[in-house]
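[1] Below: sequence and its predicted model.
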Amino acid sequence: MLSEAVLEELLRNTPMCEHVVREAWPDLSAESRLQVIQAMSVEPLAGIPEWLSTLALDDTAPIVRYWAASRTHFKRPPPAGSPAVLAPLYDRTPSQVELFERARNDSAELVRVCADCGETLSFSTLTSVRQFQRLAFLRGLSMPSPEEFFAWLKAAISAGVVDSELVECWLEFASLPDVRKYLARSPDDFVDGGDAHLAGKTMEAGWNIARIAGPALQRQLAFMLPTRMGLTTMNPEDLATMPESVLAALPWRTDGSPEIAGLISLIRANPQRFPDEAVKSVDRAEGYPAATEEKRRISRDRQALDRPRVTLEAVIRVGEKVDGLADQFQQIRQEQSGRKRGFFG
């Protein structure tokens, strides 16, 4: 593992960077090579430099080749039947052709899938491919769109893709850093009305899928989908119309959603309106110790995308607590000292 100082020296953004990395590469461990590739891919839209892709795709370790391929923007040939007028968009240099062909013919399927994404793998073909290819495609999305994913999920349910496989696809997609940020977004944090409208409709599409999905996917969506986003709110009456599996899962949510709290009140007040399992879930969840805000914060920190920042904030919080304890201790000493002087005075 490379230290921060060494990594900064290796990857300093100057004309010497390529020369230094090439010189160091043969002596780096697979772990350090992954570290270099990861650090060079901070801009998803840009991808890693072509020279680094070429270097890494020649590596003996499949995981290093995959790490590079998944962060490379391959220049692919034009799709079959593409109009001649679009040909300039697909112009490629000999080195770009060679890089693409090398990835497409790699011995590791994970690497080959990275080359196939956008050519033979897309949301339009995802239903008909193997589960491994679906998961690899979803893991490799550089600009994940919840709107596109929910549209595919609806089509996949209609096509009969099994519930357990769709759960895996949802978990893979929902674990992408950009999707996690999207799902954790403040309901009112939108740049304009159009953005807020689209986000709300996308959230609503997710809840509509929860109405038609299999029970396992229903439970996962119930635990993870926001209840308010942009201009759309899933109010308690909307949630009350959800299937039994969803209703039974919602009382166990601990994110403090006022809409779910309203639904629970509705179930308590009108148990005859709801399936038995939903009523039982409300009773069981009520006796279960709710997560405190401190526990929720710890859970968020453990799943944080930016661990150095979280570590710094944790250190600051510890420092604040220590300062607070020191102030309390000083105050106690002063009070004790005052009482002693008064007694002997």
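    Structure received.
[2] Going by C-alpha atoms from here, please, whenever you check contacts or count neighbours.
    Will do.
[3] any chance you could map the strands in this structure?
    Using DSSP state E, the strands of the chain run over residues 228-229, 232-233.
[4] Any stretches of the stretch 151-300 of the chain with poor pLDDT?
    Within the stretch 151-300 of the chain, the ranges that satisfy pLDDT under 70 run 287-300.
[5] what about 80?
    Within the stretch 151-300 of the chain, the stretches falling below the threshold (pLDDT under 80) are 187-188, 191, 287-300.
[6] Helices along that one, start to end?
    Secondary structure of the stretch 151-300 of the chain by DSSP state H, counting those that start in this stretch: the helices cover 163-174, 177-183, 193-212, 215-224, 236-240, 244-249, 258-269, 276-287, 293-302.
[7] Of these, flag the one that's most buried.
    Per-stretch averages of neighbours, counted by mean count of other Cα atoms under 10 Å, single out helix 244-249 among the helices of the stretch 151-300 of the chain, with a mean of 22.
[8] Output it as PDB, nothing but the C-alphas.
    What follows is helix 244-249, C-alpha atoms only, in PDB (Å, rounded to 0.1, in the frame of the first residue of the first chain):
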ATOM      1  CA  GLU A 244     -48.600  -6.700   2.100                       C
ATOM      2  CA  SER A 245     -44.900  -7.300   1.800                       C
ATOM      3  CA  VAL A 246     -44.200  -3.600   1.600                       C
ATOM      4  CA  LEU A 247     -46.600  -2.700   4.400                       C
ATOM      5  CA  ALA A 248     -45.000  -5.300   6.600                       C
ATOM      6  CA  ALA A 249     -41.500  -3.900   6.000                       C
END
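[9] So which elements touch it?
    Contact here means 3 or more Cα pairs under 8 Å, 6 or more residues apart in numbering; DSSP states H and E; on that basis helix 244-249 packs against helix 215-224, helix 276-287.
[10] Of these, which is nearest Cys17?
    Closest approach to Cys17 among the helices and strands packed on helix 244-249 (Cα to Cα): helix 215-224, 42.3 Å.
[11] could you give the angle of that closest one to helix 193-212?
    If you take axes from the mean of the first three to the mean of the last three Cα atoms, to 10 degrees, helix 215-224 sits at 140 degrees to helix 193-212.
[12] Identify the residues contacting helix 215-224?
    Contacts to helix 215-224, defined as Cα atoms under 8 Å, 6 or more residues apart in numbering, come from residues 163-164, 166-167, 170, 183, 206-207, 210-211, 245-246, 249-250, 253.
[13] Ok, stretch 67-85 next?
    34, 37-38, 41, 44, 46-50, 52-53, 56-57, 87, 90, 92, 96-97, 99-100, 103, 111, 114-115, 119, 140.
[14] And stretch 134-151, by the same measure?
    Residues outside stretch 134-151 that contact it (Cα under 8 Å, 6+ apart): 44-45, 70, 110, 113-114, 117, 121-123, 126, 168-169, 172-173, 176, 178-179, 202, 205-206, 209.
[15] So what would you say the end-to-end distance of it is?
    15 Å (Cα to Cα, to the nearest Å).
[16] List the buried residues in that stretch.
    Neighbour-count burial for stretch 134-151 flags 134-142, 144, 146-147, 149-151 (criterion: 16 or more other Cα atoms under 10 Å).
[17] next one: stretch 248-258
    Buried residues in stretch 248-258 (16+ other Cα under 10 Å): Ala248, Ala249, Leu250, Pro251, Trp252, Arg253.
[18] pretty sure the first one is touching Arg284, no?
    Spelled out, that is Ala248. No: judged on Cα atoms under 8 Å, Ala248 makes no contact with Arg284 at a distance of 10.3 Å.
[19] Surely Phe173 touches Tyr182?
    No: Phe173 lies out of contact with Tyr182 (Cα under 8 Å); the separation is 11.6 Å.
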